[in-house]
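K.L.:
Sequence first, predicted coordinates after that:
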Amino acid sequence: MLVRAGSREDDIARYVKEALLGPVSLEQAPLFPKGTGVESLLYRDGVVYADLTEQAVLPVGLPFPEGVDVFTGLDTLYRGIRRNFSYVKDVRLFIGGHEVTSEKFRENFAVNANI
């Protein structure tokens, strides 16, 4: 429930930054390790390009030793962007400048996410 910022790119960037902060509830594991940030985010021609900091690949750790693996975190972020921003046609996620979402990844989530 974020206030609209005025531009689509700003709205998506605010959503991603909030998602990276993690849950308010202490009983739930965050999607990514503490300190994970957004290096850059662009929205062009219906496609979101989001580059997360390299900390995103580190284990989430205590108090959640089983944690959320990086692929689950990416999946959740991908689905959240697609669900909350109907005008987004595709999401390309990067970590440290390296694309982590292959064509197969996007196809799988497009089929399974009902988007």
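P.N.:
Yep, it's here. This structure is a prediction, so every number in the text was calculated from the model and none was measured.
K.L.:
so where's this structure shaky on pLDDT?
P.N.:
1-5, 26-27, 59-68, 101-115 (pLDDT under 70).
K.L.:
Kindly recompute the last result at 80.
P.N.:
Within the chain, the ranges that satisfy pLDDT under 80 run 1-6, 22-29, 58-70, 101-115.
K.L.:
what about the helices in it?
P.N.:
With helices called from DSSP state H, the chain shows them at 8-21, 70-84, 103-112.
K.L.:
got CSV for those helices, with distance to residue 47 and mean neighbour count too?
P.N.:
For every residue, glycine as well, the C-beta is placed using N, CA and C. Shown next, in CSV, are those (distance: least, Cβ to Cβ, whole Å; neighbours: other Cβ atoms under 10 Å):
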stretch, distance to residue 47, mean neighbour count
helix 8-21, 11, 17
helix 70-84, 11, 18
helix 103-112, 11, 12
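K.L.:
Now render the ones you listed as TSV, adding distance to residue 41.
P.N.:
Formatted as TSV, the helices of the chain follow (distance: least, Cβ to Cβ, whole Å):
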stretch	distance to residue 41
helix 8-21	5
helix 70-84	10
helix 103-112	17
